[in-house]
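Student: below is the sequence, then the predicted model.
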Amino acid sequence: MSILERVKAKSVDIMSVYRNLQETHLNRARASLRQALSWYGYLRKSGQLSSNPELLGLMKPELEALNATLNKLDSNVIRIAVFGLVSRGKSAVLNALLGDKILQTGPLNGVTQWPRSVRWQPSDKVLVELIDTPGLDEIEGESRADMAREVVHQADLILFVVSGDITRTEYQALLQLRRSQKPLILVFNKIDLYPDTDQGAIYQNLQQLGAGHPEAKPLLPDEIVMVAAEPAAMEVRVEWPDGRVTYEWETPPQQVDELKEIILNILNREGRSLLALNALIQARDAEAAIAQKTIDLREKEAEEIIWQFTKYKALAVMLNPIAFLDILGGTVADLALIRALARLYGLPMTSYEAGKILKTILFSSGGLLLGELGSSLLLGLGKSTAAITSGDNPSNITAFASSAIAQAGIAGYGAYSVGKAAQVYLEKGCTWGQLGASSVIQEILSQVDQNTILYRLRQELNIKY
Ligand SMILES: Nc1nc2c(ncn2[C@@H]2O[C@H](COP(=O)(O)OP(=O)(O)OP(=O)(O)O)[C@@H](O)[C@H]2O)c(=O)[nH]1
Ligand SMILES: [Mg+2]
C-alpha cells in the first residue's frame, strides 16, 4: 500500500469511528428518553396519575416537551441558531452560509422580529435547520428577547454573532450559554471594517474573553471565527497613469469560508452527538421540572411519611436486642423510606437506585450518618450483652434500656436526615439512574475526542474521568 493509500485508509477509519460513536450517542439518548416516557406512561396507566388530575395537568407541558424531543431525535436534523444583539449581522451571517440573500437584513435595529428557520444542506449526509432570531436587546421589549432565548435553548449549536467591542450584555449571555452546556462558535462579523493590523489584536482579546472569570476558560482557536458576511462598499481612490485621480465604490470580498469549514467539521465529527446531548439536556430539565412540581404538591404528605419512618425506625432499633440486626433493620427502614417518598412523588425508582441514593446520602452527610452506623454498632453490642446477661439483674436491664434509648435517638435522627436528604435528592429528578438523562450526558461527555467542541464543554464543566 502506498503512503497516500494508507493515509486515506486511516482517515476513512477515523471517520467511521466518529460515525459509530455518534450513532451510539444517539441510541443512548433515544433509550433514555423512551425510558422516561414509558415511566410516566406507566404511571398514567397504573392509575397513579389518572387518580390525580391536578398533577397530570401540571406535568403536561413537560411530557409534551419530552415527546417533541424524542421526535426531533428521530428526524436527525441539526439545529444551528444565531444569537446576539441587534444589527450585529446575524441574518447576514446566515445568508452568507446559505449563499443567497434569503433573510432580510438592514441598518435599522430590529429588522428580524420573529425567529425564522431555513433548511440548509451543506453536504449530502447532513441536514441542518438554520434559525434566525431577533436581537437580544430588541427595544420592542422583553418578549422578543425571550423568543430568542427560547430558540437558543432548543438549538444544538449556537453561532454567537458580535461585531466591534463586546458589551456587558453580550458577555453575560456568553457566560450563561457556557454554563448551560451549549456548544457555540463566537462569530466576529464585519471584519472588513478593520485593517489587517487590528485583526490579530481583536482575535487575542476575544480569546481572553472571560478569562478573568473563575469559571470561564479562554476560547479555543476553533471557537472564534472572523467573518465579513455582507461587507460594506468602500470609496477607493484610483490614481491613473496620466495623473488623474478618481473615486470609485468597491465592495470588498465576502469572508465566510472559514466559518463554513468549521461548521462542516463539527457536523461531521460530532453533529449527531450534539443532537443527542441537547435532547438529553432538554429531557433532564423537563424531568427536573416534573419532580419539582410533584414535590411542591406533596410537601405535607412527605413530612408525615418522614416522621412516621423516623418514629418507626427509632422504635424498631430500640426494641431489637441483637446488634447486627438493628443496623440491618435500620438500613432497611431507610431504604423503605426512600422508596416510600419516591412512590409518593410518582418518581421512577428501583430498589437498586434507592440503595444508590442511600449510599450517596450516607457519604455526603459524612460524619453524622456514618456516626450513626458506628454508634449503632457499639451501643447495639452493649445492648446485646446486656440482653444476654440480663437475667434477673435489674442493673443489666437498666444498661439495656439506656443504651437502647440512646441508640433509638440516634437512629431516629438518622432516619429524619435520610428522609430530608432523599427529598432534596429526589427534587433533582431521577435523572441519575441507569439510562437517566444526567447519567447519559456524563457518559457521552466522557467519550468525546480531544479536538471536539464537546470535549471543550467537558473541560469547562470540570468533569474528571
Ligand atoms: N460592513 C459590514 N456590514 C455588515 C456586515 N454584515 C452585515 N452588515 C450590515 O449590518 C447591518 C445589520 O445586519 P443584519 O444582518 O440585518 O443584522 P441582524 O443582527 O440580523 O439585525 P437584527 O435583525 O436587527 O437584530 C446591515 O446593514 C448589514 O448590511 C459585514 O460583514 N460588514
Ligand atoms: Mg436580523
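Tutor: Looks like it came in fine. Ligands and ions are numbered 1, 2, ... in the order given.
Student: where does residue 82 fall, secondary structure wise?
Tutor: strand 78-83 (DSSP states H and E).
Student: what segments of the protein are strands?
Tutor: Taking DSSP state E, the strands of the chain run over residues 78-83, 116-123, 126-132, 157-162, 184-188, 224-226, 234-239, 245-250.
Student: quick one: check the fifth one for contact with ligand 1.
Tutor: In other words, strand 184-188. No - applying Cβ under 6 Å from any ligand atom, one finds strand 184-188 out of contact with ligand 1, separated by at least 9.8 Å. For the C-beta atoms, the positions are set from N, CA and C on the backbone; glycine is no exception.
Student: ok and that strand relative to strand 78-83, angle-wise?
Tutor: Angle, strand 184-188 to strand 78-83, by axes from the mean of the first three to the mean of the last three Cα atoms, to 10 degrees: 40 degrees.
Student: so what secondary structure elements neighbour strand 184-188?
Tutor: Contacts defined by 3 or more Cβ pairs under 8 Å, 6 or more residues apart in numbering; DSSP states H and E place strand 184-188 against strand 157-162, helix 168-179, helix 196-207, strand 224-226, helix 257-297.
Student: 6 Å - rerun?
Tutor: With contacts defined as 3 or more Cβ pairs under 6 Å, 6 or more residues apart in numbering; DSSP states H and E, the packing partners of strand 184-188 are strand 157-162, strand 224-226.
Student: ok, the longest one: who's next to it in the sheet?
Tutor: According to DSSP bridges, strand 157-162 has the following sheet partners: strand 78-83 (parallel), strand 184-188 (parallel).
Student: same question, the shortest one
Tutor: Next to strand 224-226 in the sheet, as set by DSSP bridges, lie strand 184-188 (parallel).
Student: for the strand it pairs with, C-alpha coordinates in PDB please.
Tutor: Only the C-alpha atoms of strand 184-188 are listed here, as PDB (Å, rounded to 0.1, in the frame of the first residue of the first chain):
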ATOM      1  CA  LEU A 184     -21.100  27.700  20.500                       C
ATOM      2  CA  ILE A 185     -18.900  29.400  18.000                       C
ATOM      3  CA  LEU A 186     -18.100  33.000  18.500                       C
ATOM      4  CA  VAL A 187     -18.500  34.800  15.200                       C
ATOM      5  CA  PHE A 188     -16.800  38.200  14.900                       C
END
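Student: what angle separates it from helix 257-297?
Tutor: Going by the same axes, to 10 degrees, strand 184-188 makes 130 degrees with helix 257-297.
Student: before we move on, the earlier item: hey, which of the strands paired with strand 157-162 is tucked in deepest?
Tutor: Among those, strand 78-83 has the highest mean neighbour count (mean count of other Cβ atoms under 10 Å), at a mean of 24.
Student: between helix 168-179 and that strand, find me the angle.
Tutor: Using the same axes, to 10 degrees: strand 78-83 against helix 168-179 is 160 degrees.
Student: what about strand 78-83, average pLDDT?
Tutor: On average, the pLDDT along strand 78-83 is 94.
Student: relative to the whole chain's centre, how far out is that strand?
Tutor: 17 Å (Cα atoms, centre = their mean, to the nearest Å).
Student: and stretch 238-249, by the same measure?
Tutor: On Cα atoms, centre = their mean, the centre of stretch 238-249 falls 59 Å from that of its chain.
Student: what is the end-to-end distance of it?
Tutor: By Cα to Cα, to the nearest Å, the extent of stretch 238-249 from end to end equals 10 Å.
Student: if you look at that stretch, does any of it touch ligand 1?
Tutor: No - if you take Cβ under 6 Å from any ligand atom as the test, stretch 238-249 misses ligand 1, and the best it gets is 13.3 Å.
Student: next: stretch 171-178.
Tutor: No - figure legend: stretch 171-178 not in contact with ligand 1 (Cβ under 6 Å from any ligand atom); closest approach 13.7 Å.
Student: got the residues of the protein near ligand 1?
Tutor: Contact residues, the chain versus ligand 1 (Cβ under 6 Å from any ligand atom): 86-92, 105-107, 109-112, 134-135, 189-190, 192-193, 228-232.
Student: restricted to helices, list the residues you listed.
Tutor: Within the residues of the chain next to ligand 1, residues falling in helices by DSSP state H are 90, 91, 92.
Student: quick revisit: turn the strands of the chain into TSV, including distance to residue 200.
Tutor: Shown next, in TSV, are the strands of the chain (distance: least, Cβ to Cβ, whole Å):
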stretch	distance to residue 200
strand 78-83	25
strand 116-123	29
strand 126-132	30
strand 157-162	17
strand 184-188	12
strand 224-226	10
strand 234-239	21
strand 245-250	24
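Student: out of those, which is closest to ligand 2?
Tutor: With Cβ to the ion, the closest approach to ligand 2 among the strands of the chain belongs to strand 126-132: 5.9 Å.
Student: what's the nearest residue to the residue of the stretch 301-450 of the chain found nearest ligand 2 if we skip its chain neighbours?
Tutor: Distance from ligand 2 to each residue of the stretch 301-450 of the chain (Cβ to the ion) is smallest for residue 441, at 32.2 Å. Distances taken as Cβ to Cβ, 6 or more residues apart in numbering place residue 280 nearest to residue 441, at 4.9 Å, with adjacent residues excluded.
Student: what sits against that neighbour?
Tutor: 29, 437, 440, 441 (Cβ atoms under 6 Å, 6 or more residues apart in numbering).
Student: tell me how far it lies from residue 72.
Tutor: 12 Å (Cβ to Cβ, to the nearest Å).
Student: cool, and residue 132?
Tutor: 19 Å.
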